[in-house]
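Visitor: Return atomic coordinates for the entry below.
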Amino acid sequence: MFDIFLCAIKSLFRKRLRTVLTAGSITIGVMMVVIVTIISSAGKRVVNKEFQSLGLSGISITTTQSAVNDGQHGISAEGLEVIRNTRNVSTAMPLLIQFASSLIRDTRCDTIICGIDAGAVQAISLHLKYGRMITKGDVRSVENICVIDETLAKTAYGRENITGKTISLQINGVDNQFLIVGIAKAGSALLSNLGEIIPGMVYIPYSTLQTLTGRMNFDQVAVRVANQGEIAETGSQIIKRLEHLTGSRGYFRAENLTLHRDRLGGLLDIIGLILTALSAISMVVSGLGIMTIMLVSVNERMREIGIKKSIGASRGRIMLEFLTESVAISLIGSLTGIIIGSAVSAVGLGLYGQSMPFILRDMAAIVFVSIAIGAVFGVYPAVKAAKLRPVDALRME
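Guide: Presented below is the predicted three-dimensional model:
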């Protein structure tokens, strides 16, 4: 077997330029498949990370507009305690949302004010960059303090760390001064690039927002569960307990945010698979190129084949020699394509500050498919060479 491999390699080196060009076609096809595979994997990872940062990894408890609870829409403080005491609930954080205008220095911006509890870090994955977060003491004392996202800080001061500065929030037509005690990372890097379209985020104690707006009920409760496998059951249990508390049916709604995230992840997988399949077409075209080159090689080496057969070479040996040549071309091209594709992907992801995922299983599958294509498209030339009669082959000039 080693002799067959050595003979095939020598034959490839006789026509170096042709070998390089043929392997190059495989390289381009494999490179495209590798780039699509790596970028798709990295993209899905980034999207999941961004959804995690937005808190899309648990249950969102909201209410419909079809009923009113205690004269106000939303979830009451008693309802919040019911949610927190439900089995499998690890964290439940109330949210009050208010659209307002903010003024920092001389910069006025559209702002979303979030009234939150001290558990924001666990419930909605709020990432603090400078200063401190809102504490239970701030909530109890109804303090006029806030945490703003880095987007607002950069817009007003051109830098991120502006803890100790003040911000004016216009709530219900009244300007209220708040002390900035912390700077949080922008909620989503995917959304922060939209600039003026996405308003800045300001986080204040929910008790302070309740006092300023007169709204005592919560718009939403963000729930994290202890056992991710029981998210649906936990959501149903929360709704049943809230309905028992209020006597209202069809008023509360539990939204499984993890399910939405997983569905989008599945959609990204399908898109990646389609793009990979389109890229793989070039590999099939490269296989046709291998077949063409190997047929040319058979015609050029007629006398060589005739001599080998006349001195005892079997059909199987001749066939294996040509198959080995086509497989070797595919192997060289696929390995080169993986190296170049990985390098291009690493540079591209590096420009966006992302690390490159290298999936060994996928790379091995690409090499296997490439070799299989080389073997399949090399069969016909190999069979044609093996079927040549020595007398016919030696007659060729």
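
Visitor: could you pull out the helices for the stretch 1-150 of the chain?
Guide: For the stretch 1-150 of the chain, helices defined by DSSP state H, counting those that start in this stretch occupy the ranges 2-14, 16-53, 77-84, 120-124, 136-141, 150-157.

Visitor: Quick one: closest of the ones you listed to Ala372.
Guide: Nearest to Ala372 among the helices of the stretch 1-150 of the chain is helix 16-53; the distance by C-beta to C-beta comes to 12.0 Å. Any C-beta I mention is one placed from the backbone N, CA and C, and that applies to glycine too.

Visitor: Return the residues in contact with the residue nearest to the spatial centre of the chain.
Guide: With distances taken as C-alpha atoms, centre = their mean, Lys44 lies nearest the centre of the chain, 1.4 Å away. Lys44 makes contact with Gly265, Leu268, Asp269, Gly272, according to C-beta atoms under 8 Å, 6 or more residues apart in numbering.

Visitor: Surely Ser168 touches Gln177?
Guide: Yes: assessed by C-beta atoms under 8 Å, Ser168 is found in contact with Gln177 at 5.7 Å.

Visitor: in the stretch 201-350 of the chain, which spans are helices?
Guide: Under DSSP H, counting those that start in this stretch, the stretch 201-350 of the chain gives helices at 206-213, 231-246, 257-300, 302-310, 315-351.

Visitor: Redo those helices as TSV? Include distance to Ser60.
Guide: Converted to TSV, these look like this (distance: least, C-beta to C-beta, whole Å):
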stretch	distance to Ser60
helix 206-213	16
helix 231-246	9
helix 257-300	6
helix 302-310	72
helix 315-351	32
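
Visitor: Is it possible to get TSV of these that adds mean pLDDT and distance to Ile366?
Guide: Shown next, in TSV, are the helices of the stretch 201-350 of the chain (pLDDT from 0 to 100; distance: least, C-beta to C-beta, whole Å):
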stretch	mean pLDDT	distance to Ile366
helix 206-213	91	52
helix 231-246	87	36
helix 257-300	78	9
helix 302-310	76	33
helix 315-351	87	7
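
Visitor: Thr19: which of those is closest?
Guide: helix 315-351 (6.5 Å).

Visitor: ok, then the element right after that closest one?
Guide: Going down the chain from helix 315-351, the next helix or strand is helix 360-387, by DSSP states H and E.

Visitor: For Asp106, which of the helices of the stretch 201-350 of the chain is the nearest?
Guide: Comparing these by C-beta to C-beta, helix 206-213 comes nearest, at 23.6 Å.

Visitor: Identify all contacting residues around the closest one.
Guide: 94-96, 98, 113, 115-117, 139-140, 142-144, 171-172, 174, 176, 215-216, 218.

Visitor: Just give me how far that helix sits from the chain centre.
Guide: Centroid separation for helix 206-213 versus its chain: 37 Å, with C-alpha atoms, centre = their mean, to the nearest Å.

Visitor: in that helix, what counts as buried?
Guide: Tyr206, Ser207, Thr208, Leu209, Gln210, Leu212 (16 or more other C-beta atoms under 10 Å).

Visitor: between it and helix 77-84, how many degrees?
Guide: Computed by axes from the mean of the first three to the mean of the last three C-alpha atoms, to 10 degrees, the angle separating helix 206-213 from helix 77-84 equals 160 degrees.

Visitor: Alright, calling it a day.
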